[in-house]
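**Q** Here you go, sequence then predicted model.
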Amino acid sequence: MISTVIPRLVRIAIHPIKSLDPCPVSVAAIGPGGALELDRVWALYSVDGRIVNADRNPAMHRIRFEFAPGLGQVTLSTLGGDHDLPPRRFAFPADTEAAAEWFSAYLGKKIIVRYLREGLPDDAIASGPTIISTASLQAVCEWFPDFDMEQARRRFRTNLEIDGVPPFWEDHLFGPNDDYPVRFRIGEVQFEGSHPCERCVVPARNPQTGENLIGFQNRLSELRRQNLPQWSELQRFKHFYYLATNTRVPSSEAGKILRVGDSLHIR
C-alpha cells in the first residue's frame, strides 16, 4: 500500500561532464531527450570512438571542476597524480577542442570531447533523471560509517533527491515489469518510473581519490536484500546491487521546469 505522505524534491543535481561530480542547482529544465538540461552533455571519447568514463579510468575521480554562475564557463583542475595539471578555464559547452587537449594531457592518451545537447545518460532507454530518497542515502551512510551524505551523493550520482519518505521509498516508482510503468508527477513534469538502477563499479570508489573500497558491492547487495521493503517488486531484482530508480520522461515535457521544493504525486 502506498504511503499517504507527500514526498518533496529537496535536491537537483546535474552532471555537465559525464563521469565527473554533480553540480547542485535549485531549478532545472527538462531537455530535448528527457534528461535534465545540461546533464552529461560533455562526453569524453577515445580516438576509436569508445566512451572514456570513470568505470575504466579511475584517474577521472581526481578531476575537480568549478562552474561560473550560469554555467557558461568551467574551470578544470586535478588533485594530483602522474599527470597533474594546473587549473584551466574553458567556455562551456562550446570549447570542446581546448578541453580535449587538457583531458588528453591529464589522462595520458588522446581524448575527444563531444557536446551532445540531449546528453548521454547511462541508460539509453530510461533516459530521464534518476531518483533517490534522502533516507536511502542516509541508510547507506549507516551501513558504511565512513561515508557522509556528500560522499554518498557523489558515489551514486543521482539527479533528483526526495525527502519526507522512508528509506527505499523510490522503489514505489517502478512496476512489476516494463509493461507497467509507474506514472507520477514532480511539480509540473510528468514521469514514468521504469526500473531499479543497477550500479556499476563507481560507487565502490572514493569519489576524490578513486581508491576502491574492498567488499563494497557484496556488503551493499546483502544489506539491500535484508532491508528490501514490502513495496519493492522483487521480480525486478536480478541481484541486489541496485539503488535509486530510473525514469522516462515523455517528449511533451521538454522545456518544463523542476524546482527544489516541488511535491511528487503518484498518479
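**A** Nice, I can see it.
**Q** which residues touch the closest residue to residue 238 other than its chain neighbours?
**A** With sequence-adjacent residues excluded and distances taken as C-beta to C-beta, 6 or more residues apart in numbering, residue 238 is closest to residue 198, at 8.0 Å. All C-beta atoms are positioned from the backbone trio N, CA, C, and that covers glycine. Shown here is residue 198, whose contacts under the criterion C-beta atoms under 8 Å, 6 or more residues apart in numbering are 238, 241, 242.
**Q** now with 10 Å?
**A** 122, 123, 237, 238, 239, 241, 242, 243, 244, 246 (C-beta atoms under 10 Å, 6 or more residues apart in numbering).
**Q** Just put those residues in TSV and tack on pLDDT.
**A** Listed next are those as TSV, based on pLDDT from 0 to 100:
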residue	pLDDT
122	89
123	91
237	96
238	95
239	97
241	98
242	98
243	98
244	98
246	97
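**Q** Which of the residues you listed fall within helices?
**A** Using DSSP state H, no member of those sits in helices.
**Q** Provide the count of other residues in contact range of the nearest residue to residue 115 once chain neighbours are set aside.
**A** Once flanking residues are discounted, residue 115 sits nearest to residue 93: 4.6 Å by C-beta to C-beta, 6+ apart. Neighbour count of residue 93, defined by other C-beta atoms under 10 Å: 20.
**Q** Likewise for residue 228?
**A** Burial of residue 228 is recorded as 16 neighbouring residues (other C-beta under 10 Å).
**Q** So residue 203: helix, strand or coil?
**A** Here residue 203 takes the helix state, with states given by DSSP: H, G, I helix; E, B strand; the rest coil.
**Q** List the contacts of it.
**A** By C-beta under 10 Å, 6+ apart, residue 203 lies in contact with 140, 152, 154, 155, 156, 157, 213, 216, 217, 220, 241, 243.
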